[in-house]
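**Q** Test case, fold it:
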Amino acid sequence: MPTIFTHAVVPLAIAVAAGSGRVSPKLALAGVALAMLPDADVAAFKFGIAYEDTWGHRGATHALAFAASCAGAVSLVWKEARSWFGFAFLTLAMASHGLLDAATDGGLGAALLWPFSDARIFAPFAPVRVSPIGAGFFSARGVETLFSEFKWIWLPCAALALAGWGIRRQARSQA
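**A** You can find the predicted model right below:
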């Protein structure tokens, strides 16, 4: 899995690209929270739920349908997220977690297609170094993970954010 910090980068990049007129700071923070939420499934280990179980790590909580369901629930109870764009933003923010995990070089893959399939999926191209858990993060492997994430996630997200910002800026200057 990428680090928890990196899971926050995708919704922040989308928020910057879209602009505060479409994604308010509160909605952006909700996107960050939803992007991090799937890893709460590590608590399942404490209850004896195995990694490879449907409700184990990278299981159902990493599914695209789970992301849409959570975003839908938030949209139902929070006025700020009720627009089609707000729902889509929150869905994409949370779905990005499973998609990023599928692009790592370790673990069992992510159950992206649950509830239709329990199969764990890896992306055909998995360049992101899997993050060590716990104290292992503060090791040479943890540094390798951060460099990998910077190259494959942070830089493309920065490019997306800057492109969106630039397009909005140019449109304002021509108006």
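**Q** how many neighbours does Ile121 have?
**A** Residue crowding around Ile121 was assessed by other Cβ atoms under 10 Å; the count is 18. Bear in mind the C-beta positions are built from the backbone N, C-alpha and C, glycine included.
**Q** Bridge partners for it, pull those for me.
**A** With DSSP bridges applied, the residues forming beta bridges to Ile121 are Ala110.
**Q** nearest residue to Val74 other than its sequence neighbours?
**A** Taking Cβ to Cβ, 6 or more residues apart in numbering, and ignoring the residues beside it in sequence, Val74 has Ala81 as its nearest neighbour in space, at 5.1 Å.
**Q** per-residue pLDDT, that neighbour?
**A** Among the per-residue scores, Ala81 holds a pLDDT of 96.
**Q** Tell me the spacing between it and Ala73.
**A** With the distance defined as Cβ to Cβ, to the nearest Å, Ala81 ends up 10 Å from Ala73.
**Q** More neighbours: which of those two?
**A** A side-by-side neighbour count of Ala81 and Ala73, using other Cβ under 10 Å, places Ala81 first with 23 against 12.
**Q** right, and the more buried one touches Leu90 too?
**A** Yes: look at Ala81 against Leu90 with Cβ atoms under 8 Å: they come within range, at 5.8 Å.
**Q** Now for these two: what residues contact both?
**A** Between them, Ala81 and Leu90 have 27, 30, 71, 74-75 as joint contacts when contacts are counted by Cβ atoms under 8 Å, 6 or more residues apart in numbering.
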